[in-house]
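Chemist: Sequence and predicted structure are below.
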Amino acid sequence: MKIGIVDLDTSHPRNWIPIERELGHEVAGILDSGDVHPPLYAKEFSREHSIPRVYDDLSQMARDVDCAIIHSCDWDSHVAKAAPFVEAGKAVLVDKPIAGNIRDLEQFRKWVRQGARITGGSSLRFCDEKRQWLAQDVAKRGAAHTVFAGCAVDDFNYGIHAYSLISGIMGPGIKSVRHLGRHVQRRVQVDWADGRTAILVIGAADNWLPFHASICTDKQVTQFIVESGKVYAALLNATLPYLAGVQDRPPVEFDQLIEPELAAIAAMVSWTEGDRVVQLTELDSNTAGYDGAEFARLYRKQKYPKA
């Protein structure tokens, strides 16, 4: 499969490319929008990673590749950057967060229902620790009724990892979300329609904290810290066969795939409205979301403080 990489904003492109090649795929070209990096960065990146072409037009890239991987840290641009590939009938992997508002999530959902191959999101959904826990005999490990999970750095760009981790453990069916307050980090309660619950600890802390989870069942408690060096391979092993057309079924049904983003948006509504319980059914195109352009601006400033 020929892959086109859209935007080089984060460390993900350089870390994913070797894995993509190990899995037998060709990185045919890159395009960088310049939201984070200076103008010559893409050419330097292409030489460093032996990528044959630097594009300046998404439509041209869409004609030449089989699949786009969108790495833009401005998640508000994901729909516009995916559109040329969807219109050309090409597959799309959207790096996390898939989108930061309901309108964009609904557009991706519409495309999927029309037959587009779109997947992606956080790699934590596919981490080995979660997969190994789910692979155990449920009669021995029991069924999860409560999960505690978390990470640090920020509420959404990193926080989405924690939401995705609990979604991967518990499965679909999130009903409501409530912000429980903030003491150093935010604490968020996520409830499923069948009565199961997760408590998340997310947001900035004094140091980087590992991704972690504690799973409570009727038979045992399992705790783990995610080995972060393995999560990219886990995601790409799970998603690329589907995007290449080798597998007919997506690794995760799209409605479940975007539940973490929906839960995160509901959490923000909760903390801006007095920490009330927010039903996912309340969310619509008028619901405030996370500002992707502002995040990209701050990310660039952090990366290039003198620019």
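Modeler: Received, thanks.
Chemist: and the chain, what are its domains?
Modeler: Taking automatic domain parsing as the criterion, the chain consists of the domains 2-123+231-251, 125-227+260-293.
Chemist: Strands along this structure, start to end?
Modeler: Remark: strands assigned in the chain by DSSP state E are 2-6, 26-31, 67-70, 91-95, 118-121, 144-150, 174-183, 185-192, 197-202, 212-217, 221-225, 278-279.
Chemist: of all those strands, which lies closest to residue 286?
Modeler: Closest to residue 286 of the strands of the chain, according to CB to CB: strand 278-279, at 13.9 Å. C-beta coordinates here come from the backbone N, C-alpha and C atoms, glycine included.
Chemist: name the helices or strands packed onto the closest one?
Modeler: strand 174-183, helix 259-272 (3 or more CB pairs under 8 Å, 6 or more residues apart in numbering; DSSP states H and E).
Chemist: Point out the most buried one among those.
Modeler: Most buried of the helices and strands packed on strand 278-279 by mean neighbour count (mean count of other CB atoms under 10 Å) is helix 259-272; its value is a mean of 23.
Chemist: Just the mean pLDDT for that one, thanks.
Modeler: Helix 259-272 shows a mean pLDDT of 98 in the predicted model.
Chemist: okay, that helix in PDB with CA atoms only?
Modeler: Output in PDB follows, covering the C-alpha atoms of helix 259-272 (Å, rounded to 0.1, in the frame of the first residue of the first chain):
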ATOM      1  CA  GLU A 259     -16.800   7.600  22.000                       C
ATOM      2  CA  PRO A 260     -13.600   8.800  23.700                       C
ATOM      3  CA  GLU A 261     -13.800  12.100  21.800                       C
ATOM      4  CA  LEU A 262     -17.500  12.400  22.600                       C
ATOM      5  CA  ALA A 263     -16.800  11.700  26.300                       C
ATOM      6  CA  ALA A 264     -14.000  14.200  26.400                       C
ATOM      7  CA  ILE A 265     -16.200  16.900  24.900                       C
ATOM      8  CA  ALA A 266     -18.900  16.000  27.500                       C
ATOM      9  CA  ALA A 267     -16.300  16.400  30.200                       C
ATOM     10  CA  MET A 268     -15.500  19.900  29.100                       C
ATOM     11  CA  VAL A 269     -19.200  20.800  29.000                       C
ATOM     12  CA  SER A 270     -19.400  19.500  32.600                       C
ATOM     13  CA  TRP A 271     -16.600  21.500  34.000                       C
ATOM     14  CA  THR A 272     -17.800  24.700  32.200                       C
END
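Chemist: Surely residue 290 is in contact with residue 101?
Modeler: Yes. Counting by CB atoms under 8 Å, residue 290 does reach residue 101; the two are 7.3 Å apart.
Chemist: which neighbours do those two share?
Modeler: residue 265 (CB atoms under 8 Å, 6 or more residues apart in numbering).
Chemist: how far does stretch 67-74 stretch from start to finish?
Modeler: This stretch, stretch 67-74, spans 20 Å end to end (CA to CA, to the nearest Å).
Chemist: what does stretch 167-179 give?
Modeler: So stretch 167-179: terminal residues 17 Å apart, CA to CA.
Chemist: residues making contact with it?
Modeler: 124-127, 130, 133-134, 144, 147, 149, 186-194, 196, 198, 213, 215, 253, 255-256, 259-260, 262-263, 266-267, 270-271, 275-280.
Chemist: for residue 235, what are its contacts?
Modeler: Here residue 235 is in contact with 122-123, 125-126 (CB under 8 Å, 6+ apart).
Chemist: Apply 10 Å and report the result again.
Modeler: 12, 16, 19, 93, 95-96, 119-127, 251 (CB atoms under 10 Å, 6 or more residues apart in numbering).
Chemist: Next, work out how far apart it and residue 108 are.
Modeler: The gap separating residue 235 from residue 108 is 17 Å, by CB to CB, to the nearest Å.
Chemist: what do you get for residue 161?
Modeler: 19 Å.
Chemist: As a check, name the ranges of all helices in the stretch 201-307 of the chain.
Modeler: For the stretch 201-307 of the chain, helices defined by DSSP state H, counting those that start in this stretch occupy the ranges 231-243, 254-257, 259-272, 292-303.
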